[in-house]
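Peer 1: Sequence and computational prediction follow.
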2 protein chains.
Amino acid sequence: MVDVGPESAFEGAFEIPDPSSWSCPAPLRDRGRVVLGHGGGGVLTSELVERLFLPAFGTSETARVARDSALVELPPDVVHGARLAFSTDSYVVQPLFFPGGSIGDLAVNGTVNDLAMSGARPLALSCGVILEEGLELEVLGRVVGAMGRAARAAGVQIVAGDTKVVGRGSADGLYVSTSGIGVVPAGVDVRPDGARPGDLVVVSGPVGEHGIAVMSVREGIEFGTGVASDSAPLAGLVQAMLDVCPGGLGHGVHAMRDPTRGGLATALCEIAEASSVGVELTETDIPVPEAVRAACGFLGLDALEVANEGKLVAFVAREVAPAVLEAMRAHDHGTGAVVVGEVTADHPGLVLVRTALGGSRVLDRPLGEQLPRIC
Amino acid sequence: MVDVGPESAFEGAFEIPDPSSWSCPAPLRDRGRVVLGHGGGGVLTSELVERLFLPAFGTSETARVARDSALVELPPDVVHGARLAFSTDSYVVQPLFFPGGSIGDLAVNGTVNDLAMSGARPLALSCGVILEEGLELEVLGRVVGAMGRAARAAGVQIVAGDTKVVGRGSADGLYVSTSGIGVVPAGVDVRPDGARPGDLVVVSGPVGEHGIAVMSVREGIEFGTGVASDSAPLAGLVQAMLDVCPGGLGHGVHAMRDPTRGGLATALCEIAEASSVGVELTETDIPVPEAVRAACGFLGLDALEVANEGKLVAFVAREVAPAVLEAMRAHDHGTGAVVVGEVTADHPGLVLVRTALGGSRVLDRPLGEQLPRIC
């Protein structure tokens, strides 16, 4: 058992097994690290999967037979005409661990959230990892442990995976790619081009926390802040929102997006463009935590362009907004939900912000990211 | 239009657009290369997706609205109790281009084949790419062009994707992760633990070509050989095999695997172990091309441990074997199909090879890979 220190969040659910009992090529002295052979598809790969990934993911014994592809039973309420949601994301965040999370929970929550933004109930996840030779197995164990816990918290299983190893210097520790499939219930039609004039724009809580949390521990620009990543699975929150719509499941919820890379600004601009509508925001209504505001001032950033990993923005018909807001506020991940603006037929494709001083400015998508590799 | 030279396989289907008309951050002088901002989720990312990925993948205009997750219609013959196959793989092969293929077709064919090994018809693919800052857009264009062509050849669409960029030196050009979903038709039950005593073991053609093709162009060990990768999509071949089973769709096809990393040896050992059966091979019946045999002799390798990317091994009931073999030989990717052995109740978990000299040896799974990063 490797001591992972007091910051470990293993909670006893998953202990890193002692690697000294594993098969090793003869000249391998450094047993606690990833070697190229772990990516070769042979005995070493099997051991890594069986002793580290499967226990961390809580995979059942019957599901442990290595298959080329996992089999997923379709839930009984899926009938002719049902739609699957399918999403993929790669994660290259640096550092691998940051206040409030790690690349592991990010990889699970990010994909769960991409599915949820289509109104889907997540069915299953897959993960592919690219490991750098020499990576400590203890670090890998912490990451996959976080993935397993995040998947359980989101109520979804990681059913398929793949492991590759690249030489020293050809990756920053590890990269994770996760994909997910979900089922979009009949009647639900949430789409980025679905916003309509008259809709209200709702955000589920304070924005900017994830990006600032990662930046605060980035090499070269460390600064003190109490900000932790908001990384969280949003499928439950979305389900609660869809369930309460007075006109039926999801009726009146027109568009949703999780404002990750590029922040709220990018999410809103993309929906305004795709839907050919204008968006008018009231700056003072947008919840930005004081510590995020301070860090943005310090770094010269716009909080609306900073990434979130546990927030959503929804475009909902005015008549369903009260019920949806109430349902959001009753949910753990939506306690801070507020209306921040509305949709207009004027200036299609443009997002305007009414500032505190009574003026207005055009909100534009950033060209790239203020700081790369925050997810 | 970047000139990609006479070796280009673009066939006029996809031309790399001139990047000089794209948005660029002011100090960006080197317009033909990937910059960190291409992974930031902003305007640069959108341009890369819209101008390079979507045209290469042949994505329809209506599907181009950027969604957090793609929607996949379930085919009408999917009913209650149907099962989805779900698979993921990451690709880190070096070099990116090799005789007979590239990381692009490998990434598509590998995932299509993993789905097919469950007897599934592929429905949709996703791809996540991790790009190294400074990668030539022309190289990226050749890779995604190959992905698009491979997907069309396999009759499947790439419906979701993600792009991340890491700094110079943090990846070897690019890594690709692909995931796929497919539908397993009712009645089909192909599984790695499904082999039964009496089954015949069938391989779809000559083994060892992919691994030798990649090794032949690897830095430091280049050697002349006429061997090209066998990279190919096997879903059509599998469909043909399942269709002809006299007892009904897939009846009598018990287990399949594509012998990629770890080669035929690993695939057979895994099935023997999972099914608790013994396998007896006749060495002289295993098709190994002369050039592969020569290269293996030169490198000190066992051809049965060398990777394939367009072959499968199937365990089929003796009574269906003639029909299945005939169907395989009539298919482009199974012309070389032969019976190489049989399944016995003796020595469960062990694969024995009867050698040309009349002796027998135990075939074991390799510990790692003879050479890392061949896929």
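Peer 2: Yep, that arrived.

Peer 1: Give me the phi and psi angles of A:Met117.
Peer 2: Torsion angles at A:Met117 (phi, psi; degrees, to the nearest 10) stand at phi -70, psi -10.

Peer 1: list the contacts for it?
Peer 2: A:190, A:234, A:238, A:256-258, A:312, B:67-69 (C-beta atoms under 8 Å, 6 or more residues apart in numbering or on different chains). (Each C-beta comes from the backbone N, C-alpha and C, glycine too.)

Peer 1: Excluding chain neighbours, give the residue nearest to it in space.
Peer 2: Leaving aside its sequence neighbours, A:Met117 sits nearest to B:Asp68 (C-beta to C-beta, 6 or more residues apart in numbering or on different chains; 3.9 Å).

Peer 1: Which residues are in contact with that neighbour?
Peer 2: The contact partners of B:Asp68, taken as C-beta under 8 Å, 6+ apart, are A:87, A:113-115, A:117-118, A:192, A:257-258.

Peer 1: Could you report the pLDDT at it?
Peer 2: For B:Asp68, the pLDDT comes out at 71.

Peer 1: So it, which state does it fall into?
Peer 2: coil (DSSP: H, G, I helix; E, B strand; the rest coil).

Peer 1: Show me which helix or strand of chain A is least confident by mean pLDDT.
Peer 2: One helix or strand of chain A scores below all others by mean pLDDT, DSSP states H and E: strand A:70-73, with a mean of 79.

Peer 1: picking that back up, adding distance to B:Leu264, pLDDT and secondary structure, write the contacts of B:Asp68 out as TSV.
Peer 2: Formatted as TSV, those follow (distance: C-beta to C-beta, whole Å; pLDDT from 0 to 100; DSSP: H, G, I helix; E, B strand; the rest coil):
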residue	distance to B:Leu264	pLDDT	secondary structure
A:Ser87	35	94	strand
A:Asn113	41	97	helix
A:Asp114	38	95	helix
A:Leu115	37	95	helix
A:Met117	43	95	coil
A:Ser118	41	93	coil
A:Pro192	46	91	coil
A:Arg257	47	96	strand
A:Asp258	44	96	coil
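
Peer 1: which of those residues lies closest to B:Gly297?
Peer 2: A:Ser87 (46.8 Å; C-beta to C-beta).

Peer 1: That closest one bridge partners, please.
Peer 2: A:Gly180 (DSSP bridges).

Peer 1: Let me know how buried it is, in neighbour terms.
Peer 2: 31 (other C-beta atoms under 10 Å in any protein chain shown).

Peer 1: Would you map out the domains in chain A?
Peer 2: Taking automatic domain parsing as the domain assignment, the record places the domains of chain A at A:19-184, A:200-363.

Peer 1: right, is the last one up against chain B?
Peer 2: Read that as domain A:200-363. Yes: counting by C-beta under 8 Å from any C-beta of the partner chain, chain B is contacted by domain A:200-363 at A:257-258, A:260-262, A:266, A:270, A:274, A:307.

Peer 1: May I ask which of the residues you listed has the most neighbours?
Peer 2: A:Ala307 (32 neighbours).

Peer 1: surely that residue meets A:Thr260?
Peer 2: Yes: contact criterion C-beta atoms under 8 Å: A:Ala307 and A:Thr260 qualify, at 5.2 Å.

Peer 1: Overlap of the contact sets of the two?
Peer 2: With C-beta under 8 Å, 6+ apart, A:Ala307 and A:Thr260 have common neighbours A:210, A:375, B:41.

Peer 1: Let me have these in TSV, extended by secondary structure and neighbour count.
Peer 2: As requested, the shared contacts of A:Ala307 and A:Thr260 are exported to TSV (DSSP: H, G, I helix; E, B strand; the rest coil; neighbours: other C-beta atoms under 10 Å in any protein chain shown):
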residue	secondary structure	neighbour count
A:His210	helix	33
A:Cys375	coil	26
B:Gly41	coil	28
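
Peer 1: ok, those vs A:Leu301, which is closest?
Peer 2: For those, the closest approach to A:Leu301 (C-beta to C-beta) belongs to A:His210, at 13.1 Å.

Peer 1: Kindly provide the distance from the closest one to chain B.
Peer 2: 13 Å (C-beta to the nearest C-beta, to the nearest Å).

Peer 1: do A:Arg354 as well
Peer 2: For A:Arg354, the distance to chain B - C-beta to the nearest C-beta - is 23 Å.
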